[in-house]
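J.: Sequence below, structure please.
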Amino acid sequence: MEINIILCLILCILLNYNLKAQSNSNYRQNNQNNNIFGEKEEDINNFTGYIYYLPENTIKLPDFSKLIPVGEIYTNSLNVKEQDFDQGFPGVTDRFEYFAIDYIGKFYLEDSCFYCFILGSDDGSKLYIDESLVIDNDYTHAFITKTNCISLSKGLHKIEVQYFQGPRYSVGLILCFKKIDDRSYQIFNLSQFYPILVNDNDSTIDISIGDEILFDFNSYELNKKAKHVLSEMKRIIIDKTKIESIIIEGHTDDIGSEEYNLVLSINRANAVKLFLTEIGVDSKYIITKGYGKTKPKFPNIDNENRKKNRRIEMSIIKSK
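T.: Below is the predicted model of the structure:
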């Protein structure tokens, strides 16, 4: 365990992230470094970090419900190397002391398992999953790490990492994870876990959603997780795009007859369309298609490939 923690910390130190901000609420990237930590624009695969300023002599994490954020920053991983406080913390303007960030995101697990987490920080931090405290690394201190392993079920989970910087002399924040039987830790990156793949091109935004996040097996009724994911997709992607049309395609694996899979894929595409219209997308923009098992992305040779072939694909055609 100690060796894995050391390896994780070395990895975090090697990955250098820097971001400077130009005002309390308007952030820009420092493009002198290719490994930028944090972005100004929201992304569906990212943590949203709510930034707060704290009074001097703060020694522990505040009650965020009683504070008003001064800005937001976005990142898919928490990997800020330990560094001198006067270098600043990425995304927090020129505030070097007495600030806090509340990072909130969602991640999807494909199987149930025990997962181990390492949370390292200078100063205090806490890790919550599904509103439950997993690691308490609070109060002012030098850079230290704490570890805990918990059982997590298959499905969608909420993750929250709270962090604060008190007085000088260093800042830093990392979050690593592994399955309990894995040999080594790696940086926790939401892009590895979120069930939506997004490819933003000049003329289209192509989105692929695995059907396990949307539907139960052999069903075309959207589940609760699906409604959250589709609502976030609308808020972060559709609402911010000038749209000419939205094409929704349903795809299945090769289990079952061709006719059955064709009907299932059409019904699933229509279910997505119906929900999007219910939350405010004009139906005149939406076209649905069902392809059944005729367009697999991977050979249907095992359960893993079949799972990847069961999907909803969406192309958002941008208005010129």
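J.: doesn't residue 221 make contact with residue 264?
T.: No. Using Cβ atoms under 8 Å, residue 264 is not in contact with residue 221, being 11.6 Å away. For the C-beta atoms, the positions are set from N, CA and C on the backbone; glycine is no exception.
J.: So which of these two has more stuff around it?
T.: Taking neighbours as other Cβ atoms under 10 Å, residue 264 and residue 221 compare with residue 264 leading, 23 against 11.
J.: can you give me the helices in the stretch 51-200 of the chain?
T.: With DSSP state H, counting those that start in this stretch, there are no helices along the stretch 51-200 of the chain.
J.: For it, which segments count as strands?
T.: For the stretch 51-200 of the chain, the strands defined by DSSP state E, counting those that start in this stretch cover 71-75, 79-84, 99-109, 113-122, 125-129, 132-137, 144-152, 155-165, 170-179, 186-187, 196-200.
J.: nearest to residue 282, of those strands?
T.: Within the strands of the stretch 51-200 of the chain, the stretch nearest residue 282 is strand 196-200; the backing value is 21.4 Å (Cβ to Cβ).
J.: just the angle between the closest one and strand 99-109, please?
T.: 110 degrees (axes from the mean of the first three to the mean of the last three Cα atoms, to 10 degrees).
J.: next SSE after strand 196-200?
T.: Per DSSP states H and E, the first helix or strand lying C-terminal to strand 196-200 is strand 204-210.
J.: Other residues contacting whichever helix or strand comes after that next one?
T.: The helix or strand immediately downstream of strand 204-210 is helix 211-214, counting by DSSP H and E. Identification of contacts with helix 211-214 by Cβ atoms under 8 Å, 6 or more residues apart in numbering yields 108, 110, 156, 195, 222-223, 225-226, 229-230, 268, 272, 307, 310-312.
J.: if we go to 7 Å?
T.: The set of residues external to helix 211-214 that reach it, using Cβ atoms under 7 Å, 6 or more residues apart in numbering, is 108, 195, 222-223, 225-226, 229, 268, 307, 310-312.
J.: And for stretch 193-210?
T.: 44-45, 106-109, 213, 229, 233, 237, 241, 311-318.
J.: Could you do stretch 311-318 as well?
T.: Residues contacting stretch 311-318 (Cβ under 7 Å, 6+ apart): 203-211, 214, 238, 241-251, 268-269, 272.
J.: Isn't residue 267 up against residue 221?
T.: No. Between residue 267 and residue 221 there is no contact under Cβ atoms under 7 Å: 9.2 Å.
J.: Only the buried residues of stretch 185-205, if you could.
T.: For stretch 185-205, the neighbour count (16 or more other Cβ atoms under 10 Å) marks 185, 187-190, 193-196, 198, 204-205 as buried.
J.: And stretch 55-75, by the same measure?
T.: 58, 61, 64, 69-75.
J.: Now flag whichever of the residues you listed is closest to residue 125.
T.: Minimum distance to residue 125 across these is 7.7 Å, recorded for residue 61 (Cβ to Cβ).
J.: What separation do you get for the closest one and residue 104?
T.: Separation of residue 61 from residue 104 (Cβ to Cβ, to the nearest Å): 14 Å.
J.: Run the chain-centre distance for stretch 221-240.
T.: Distance, stretch centre to chain centre, for stretch 221-240: 14 Å (Cα atoms, centre = their mean, to the nearest Å).
J.: Looking at it now, give me its mean pLDDT.
T.: Mean pLDDT, computed over stretch 221-240, is 89.
J.: Export it to PDB, keeping only CA atoms.
T.: Extracted in PDB, the C-alpha atoms of stretch 221-240 (Å, rounded to 0.1, in the frame of the first residue of the first chain):
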ATOM      1  CA  GLU A 221     -38.200   2.700 -20.800                       C
ATOM      2  CA  LEU A 222     -35.700   5.300 -19.600                       C
ATOM      3  CA  ASN A 223     -34.500   4.800 -16.100                       C
ATOM      4  CA  LYS A 224     -33.800   7.500 -13.400                       C
ATOM      5  CA  LYS A 225     -30.100   7.600 -14.200                       C
ATOM      6  CA  ALA A 226     -30.900   8.100 -17.900                       C
ATOM      7  CA  LYS A 227     -33.000  11.200 -17.200                       C
ATOM      8  CA  HIS A 228     -30.200  12.800 -15.200                       C
ATOM      9  CA  VAL A 229     -27.600  12.100 -18.000                       C
ATOM     10  CA  LEU A 230     -29.900  13.400 -20.700                       C
ATOM     11  CA  SER A 231     -30.800  16.500 -18.700                       C
ATOM     12  CA  GLU A 232     -27.200  17.300 -18.200                       C
ATOM     13  CA  MET A 233     -26.500  16.700 -21.900                       C
ATOM     14  CA  LYS A 234     -29.200  19.100 -22.800                       C
ATOM     15  CA  ARG A 235     -28.000  21.800 -20.300                       C
ATOM     16  CA  ILE A 236     -24.300  21.600 -21.100                       C
ATOM     17  CA  ILE A 237     -24.400  20.700 -24.900                       C
ATOM     18  CA  ILE A 238     -27.700  21.200 -26.600                       C
ATOM     19  CA  ASP A 239     -28.700  24.500 -24.900                       C
ATOM     20  CA  LYS A 240     -25.300  26.000 -25.800                       C
END
